Structure formats: structure tokens, C-alpha cells
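Asker: Sequence plus the predicted model coming up.
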Amino acid sequence: MSTSVLALTIVMFGAGGFLMGQVVADTWRPWWQILPYGALLAIANQFLGFALFSGPFIVDSLVSTGSQPIGSAVFEYLVEFAVIVAFALVAFRITRVRRMTTQYPWLYERAGLFAWRQKNQ
């Protein structure tokens, strides 16, 4: 994976994944909905890496004879997917903790960045 594609993944699509995790948590949807959205963002990331930096692309590896092997394209897709989903899950948890403690302040209090606990009555 080239440095430019890694920077694209972390800076642009990591930020997009972070925002995606916040939105999923703010709308009270379950965490697993991050996975299909993350898969779509990873496809877009791989396409931009292919178009801008001549990186591997799964679709190009399937239809073109002069492209990079499908194995490297799938490996890079999985790495990009993991990075995007990691950013999204961190944002999901932080946002869910914030929502629980601000929406139900009489029940819960913050117990760190990633957790909340019941208030002692």
C-alpha cells in the first residue's frame, strides 16, 4: 500500500468514517449498521486510490488483463475497510456515551471517554 493511498484512507475516509459513526449513534441505530456503510466507503476509497494513484481496484482486477492481481486488491480493500470501520466504531462509542449522559442525566453519568454508569440514587 503506497503512502498516498494510506494518507487518503486515514485522512479523508477515516474522517468520513468518524462522521458516519457519529450519525449512526446520533440516530440511535445499532452499531452493526456501520459495517455495510463502511464497505461502501471502502469501495469509494479504493476507487479514488485507483484513479488518483494507480492503486489496485477489485473491479479492475476482475475485468482487465494488465491490472494488479486480485489478491492484492482484496487485501488492500480489507485493510481500508478495517481502518474506516475502526474510526467509525470509536466515534460511535464516544457519541453514544455523550447521548446517554446528556439525554438521561438523572440516570447515567460519564465514566470515562467510552463508558457510562448508573448514578447512585
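Answerer: Received the coordinates, thanks.
Asker: Buried residues, the one helix or strand Ile34 maps to. List them.
Answerer: Here Ile34 sits within helix 34-53, counting by DSSP states H and E. Burial within helix 34-53, assessed by neighbour count using 16 or more other CB atoms under 10 Å, is assigned to Ile34, Tyr37, Gly38, Leu41, Ala42, Ile43, Asn45, Gln46, Leu48, Gly49, Phe50. Any C-beta I mention is one placed from the backbone N, CA and C, and that applies to glycine too.
Asker: Check stretch 59-72 too.
Answerer: Here stretch 59-72 shows Asp60, Ser61, Ser67, Gln68 as buried, counting by 16+ other CB under 10 Å.
Asker: Farthest pair within those residues?
Answerer: Largest separation among the buried residues of stretch 59-72 by CB to CB: Asp60 and Gln68, giving 7.8 Å.
Asker: what about the strands in this structure?
Answerer: 108-110, 116-118 (DSSP state E).
Asker: Out of those strands, which one sits most buried?
Answerer: Mean neighbour count (mean count of other CB atoms under 10 Å) peaks for strand 108-110 among the strands of the chain, with a mean of 15.
Asker: what about stretch 54-66, start to end distance?
Answerer: 12 Å (CA to CA, to the nearest Å).
Asker: Now do that stretch: distance to the chain's middle.
Answerer: 23 Å (CA atoms, centre = their mean, to the nearest Å).
Asker: Repeat that for stretch 53-70.
Answerer: 23 Å.
Asker: Touching it from outside, list them.
Answerer: 1-2, 4-5, 8, 43, 46-47, 49-50, 72-74, 76-77 (CB atoms under 8 Å, 6 or more residues apart in numbering).
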